[in-house]
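**Q** output the structure for:
(one chain, ligands or ions: 2)
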Amino acid sequence: MERSRLGVVTDGAFNTGLTVRLDADRSTEDLRVGEFVVIEGKSNRYFSMISDMQLRVSDPRLLSSPPDDAPPLVAHALAGTSTYATVEVKPMLMLDLTSDLDELRGPQSVRTIPMHFAALYEASEMDFATVFGKEGGTNFAVGTPVTMDIPICLRLDRFVERSNGIFGQSGTGKSFLARLLLSGIVTSRAAANLIFDMHSEYAFDKQTEDGHWVRGLRELLGSQVLVYSLDAEAAARRNVDVTLIIGLNQIEAEDIMLLADELDLTATTAATAGLLGDQYGDDWLRQLLAMSPDELAQFCQSSGAHPEATKALQRKLREVQRRGYLTEKASFSLIDEMVTALGKGRSAILEFGRHDSPLDYMLVANIVTRRVRRLYQQKMERFEETKAEADRPLQLMITLEEAHKFLNPTVARQTIFGTIAREMRKYNVTLMVIDQRPSGIDPEVMSQLGTRITGLLTEERDIDAVLTGVSGRSFLRGSLASLDTRQQLLLMGHAVPMPITVRTRSYDKEFYQDIQRGGRAQELPDVVATDIWAE
Ligand SMILES: Nc1ncnc2c1ncn2[C@@H]1O[C@H](COP(=O)(O)OP(=O)(O)OP(=O)(O)O)[C@@H](O)[C@H]1O
Ligand SMILES: [Mg+2]
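**A** Residues are numbered from 1 along each chain as shown. Ligands and ions are numbered 1, 2, ... in the order given. Okay, the predicted model is just below:
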């Protein structure tokens, strides 16, 4: 296939990238920072990214007296001789054209750079397919290049095997992207999913900002997706499988500490809850709430708890006690059955319905996830004993909207989600964190996210956060800044061979048909990902 030539390499270094002088008939206005381009060396093809552009003059006199009112003709006459443009290009992957092996293995990490005057080309469809693979199986088309209409694929099996993140300011399309990816993960069976759906937007039909209706995952994927709800009334109206009830006995001190901001708790809370736990075990909260002033005084005397602090805690926890989904005592059977279903590869959405305050969301998501983690840990330990493939726990991915509530630097060390992000990969459980403000998430957690997908971010702090630990930050910063406010994303990390900007696929009728036709399974060679994470 004929590629269209852009210019030639004139300068550069392995570490910083290459400078390409644009051909005289090429304009910087036709190129974009972040664009995928190809350099043909003598024996290698370099798949690269445009990281910057510059305007230059070869005759400095032009700068001291630029043509006042340059008519196009003058500008044209000067172009290529006295004036020219260069682009900075960063090779990300290379293909050894002389080796039959590379033809089979596909593109490899960059080990060399091309010599002077190697030509730079616009990428062709073939180049995109060589790097990102063909659609099918776990290779899922997330979108298209901004200027072309061909699929760009993400490897879902790699996506789910580490925790990952979707970021971008409000309205950039995070939740829609999550829906696309979850549909792909369910149909390709890359993982079972547990989705904490704070705003009830995943399970059933939902109106978009443009006013038309889109399908919920339950409607799209049928019984592969179970719907749990905390809201008994909403559950009666909608096609919900299980109404979840939480017992006071299931609430641990850790859950209460997570609500420190919501309940305005003081630093003594942990100590008080600890003393109550020592005395009453998992019945601590019910006991505390039932204590009369005398009983409370007695407890404080015998245990050494601070009376004022204990009274304040009792008062504040009454707020929790009033929640409609709480009962005095509940067994874990509903959650355990859910884990059994997840273990068989089904997915579960937990809707919050009316109970969609941060307090409900944080309390319940933490309790459910702690139990899920405990069971997965047991499953993994059993597998390690028996070493029988049938006992290996299926990969589970937990989708968490408003992730900063659980993963901000103050609480990430205590919440179960912080633990999962840091170490749970070993139990085959990972997170998909979705958030508007990556700067609100603990840097240690950010550094664990294998794949990061980001829409437009405008705050410097957020841009820095999303690029934490990425090598070549400066050139990705340019791509991030050039994104549209909606439906454009930068993909980087473990699930893509190299960073790339895409226009997100539409979540529409055409997509539903593709999904219902099922994954067109296909064997894929393993991709080599560019190592964009700095050491
Ligand atoms: N892939 C898509 N297909 C169709 N419409 C989309 C897509 N992505 C975004 N949109 C449109 O953009 C709107 C906002 O998208 P979405 O709700 O996913 O934003 P968000 O990033 O989750 O915002 P918030 O942070 O406020 O939750 C949608 O209501 C829809 O109209
Ligand atoms: Mg959203």
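
**Q** quick check: residues of this protein near ligand 1?
**A** Taking Cβ under 6 Å from any ligand atom as the contact definition, the chain meets ligand 1 at 168, 170-176, 208-210, 436, 486-487, 504-507. For the C-beta atoms, the positions are set from N, CA and C on the backbone; glycine is no exception.

**Q** restricted to strands, list the residues you listed.
**A** T504 (DSSP state E).

**Q** just the buried ones from the residues of the chain next to ligand 1?
**A** Using 16 or more other Cβ atoms under 10 Å as the burial test, those include 168, 172-176, 436, 487, 504-505, 507 as buried.

**Q** can you name the next helix or strand after the helix or strand L180 falls within?
**A** Take DSSP states H and E as the rule and L180 turns out to sit in helix 174-188. Remark: after helix 174-188, the chain's next helix or strand is strand 192-197, criterion DSSP H and E.

**Q** send the alpha carbons of that next one over as CSV?
**A** The C-alpha atoms that make up strand 192-197 are tabulated as CSV, following Å, rounded to 0.1, in the frame of the first residue of the first chain:
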residue,chain,number,x,y,z
ALA,A,192,-16.0,-11.7,35.6
ASN,A,193,-17.1,-8.2,36.7
LEU,A,194,-18.4,-6.6,39.8
ILE,A,195,-19.6,-3.1,39.1
PHE,A,196,-20.4,-0.6,41.9
ASP,A,197,-23.0,1.6,40.2
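
**Q** kindly export the helix holding L180 (C-alpha atoms) in CSV.
**A** This file holds the C-alpha atoms of helix 174-188, laid out as CSV (Å, rounded to 0.1, in the frame of the first residue of the first chain):
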residue,chain,number,x,y,z
LYS,A,174,-15.7,7.7,31.0
SER,A,175,-18.8,5.9,31.9
PHE,A,176,-19.7,5.2,28.3
LEU,A,177,-16.2,3.8,27.7
ALA,A,178,-16.6,1.7,30.8
ARG,A,179,-19.8,0.3,29.3
LEU,A,180,-18.1,-0.5,26.0
LEU,A,181,-15.2,-2.2,27.7
LEU,A,182,-17.4,-4.2,30.1
SER,A,183,-19.5,-5.4,27.2
GLY,A,184,-16.4,-6.5,25.5
ILE,A,185,-15.0,-8.2,28.6
VAL,A,186,-18.2,-10.1,29.3
THR,A,187,-18.7,-11.3,25.7
SER,A,188,-15.0,-12.3,25.3
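
**Q** quick one: neighbours of D11, just the number.
**A** Neighbours of D11 under the rule other Cβ atoms under 10 Å: 13.

**Q** surely it touches R56?
**A** No. Using Cβ atoms under 8 Å, D11 is not in contact with R56, being 11.5 Å away.

**Q** give me the nearest residue to L194, chain neighbours excluded.
**A** In this structure, L194 finds its nearest non-sequential neighbour in I398, 4.8 Å apart by Cβ to Cβ, 6 or more residues apart in numbering.

**Q** go on, R371?
**A** Nearest to R371 is I335, by Cβ to Cβ, 6+ apart, at 4.8 Å.

**Q** equivalent analysis for R179, please.
**A** Y507 (5.8 Å).

**Q** may I have the secondary structure class of the closest residue in space to R505 that isn't next to it in sequence?
**A** Leaving aside its sequence neighbours, R505 sits nearest to G143 (Cβ to Cβ, 6+ apart; 4.9 Å). Three-state call for G143 (DSSP: H, G, I helix; E, B strand; the rest coil): strand.

**Q** just for the chain, where's the confidence low?
**A** The chain contains residues with pLDDT under 70 at 1, 69-71, 102-103, 424, 518-535.

**Q** center of it, which residue is that?
**A** Central residue of the chain (Cα atoms, centre = their mean): G165, 2.1 Å from the mean position.

**Q** list the helices and strands the strand or helix carrying that residue packs on?
**A** Here G165, judged by DSSP H and E, is contained in strand 164-167. Counting contacts by 3 or more Cβ pairs under 8 Å, 6 or more residues apart in numbering; DSSP states H and E, strand 164-167 packs against helix 174-188, strand 429-435, strand 451-454, helix 460-466.

**Q** one more time with 10 Å, if that's ok
**A** With contacts taken as 3 or more Cβ pairs under 10 Å, 6 or more residues apart in numbering; DSSP states H and E, strand 164-167 sits against helix 174-188, strand 396-401, strand 429-435, helix 443-446, strand 451-454, helix 460-466, strand 488-493.

**Q** can you redo the ones you listed as JSON lines with distance to I500?
**A** Below are the helices and strands packed on strand 164-167 laid out as JSON lines (distance: least, Cβ to Cβ, whole Å):
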{"stretch": "helix 174-188", "distance to I500": "14"}
{"stretch": "strand 396-401", "distance to I500": "22"}
{"stretch": "strand 429-435", "distance to I500": "19"}
{"stretch": "helix 443-446", "distance to I500": "20"}
{"stretch": "strand 451-454", "distance to I500": "11"}
{"stretch": "helix 460-466", "distance to I500": "15"}
{"stretch": "strand 488-493", "distance to I500": "5"}
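
**Q** how about stretch 440-460: buried residues?
**A** Residues of stretch 440-460 classed as buried: 440-442, 445-446, 448-457 (neighbour count, 16+ other Cβ under 10 Å).

**Q** ok, now how distant is the residue of the stretch 51-200 of the chain found nearest ligand 1 from L489?
**A** Closest contact between the stretch 51-200 of the chain and ligand 1, by Cβ to the nearest ligand atom, is at G173 (3.0 Å). For G173, the distance to L489 equals 7 Å [Cβ to Cβ, to the nearest Å].

**Q** can you give me the angle the longest helix seen in the chain makes with strand 429-435?
**A** Using DSSP state H, we find that the single longest helix of the chain is helix 358-386. With axes from the mean of the first three to the mean of the last three Cα atoms, to 10 degrees defining the directions, helix 358-386 sits at 160 degrees from strand 429-435.

**Q** in helix 358-386, what counts as buried?
**A** 359-376, 379-380, 383.

**Q** once you drop chain neighbours, what's closest to P438?
**A** Nearest one to P438, counting by Cβ to Cβ, 6+ apart, is A465 at 4.0 Å.

**Q** tally of neighbours for that neighbour?
**A** Burial measure for A465: 23 neighbouring residues, criterion other Cβ under 10 Å.

**Q** alpha carbons of stretch 403-422, in PDB - could you do that?
**A** Output of stretch 403-422 as PDB, limited to C-alpha atoms (Å, rounded to 0.1, in the frame of the first residue of the first chain):
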ATOM      1  CA  ALA A 403     -12.700   6.000  43.000                       C
ATOM      2  CA  HIS A 404     -11.000   8.800  44.900                       C
ATOM      3  CA  LYS A 405     -13.500   8.300  47.700                       C
ATOM      4  CA  PHE A 406     -11.800   5.000  48.400                       C
ATOM      5  CA  LEU A 407      -8.300   5.600  47.100                       C
ATOM      6  CA  ASN A 408      -7.400   9.100  48.200                       C
ATOM      7  CA  PRO A 409      -4.100   9.300  50.100                       C
ATOM      8  CA  THR A 410      -5.800   9.600  53.500                       C
ATOM      9  CA  VAL A 411      -7.800   6.400  53.200                       C
ATOM     10  CA  ALA A 412      -6.100   4.300  50.500                       C
ATOM     11  CA  ARG A 413      -3.900   2.500  53.100                       C
ATOM     12  CA  GLN A 414      -7.000   1.400  55.100                       C
ATOM     13  CA  THR A 415      -9.600   0.500  52.500                       C
ATOM     14  CA  ILE A 416      -9.900  -2.900  50.900                       C
ATOM     15  CA  PHE A 417      -9.700  -1.100  47.500                       C
ATOM     16  CA  GLY A 418      -6.300   0.300  48.400                       C
ATOM     17  CA  THR A 419      -5.200  -3.200  49.300                       C
ATOM     18  CA  ILE A 420      -6.500  -4.700  46.000                       C
ATOM     19  CA  ALA A 421      -4.800  -1.900  44.000                       C
ATOM     20  CA  ARG A 422      -1.500  -2.600  45.700                       C
END
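
**Q** next, the buried residues of that stretch.
**A** 403-408, 411-412, 414-422.

**Q** out of the residues you listed, name the ones that lie in helices.
**A** Secondary structure from DSSP H places 404-407, 416-422 of the buried residues of stretch 403-422 in helices.
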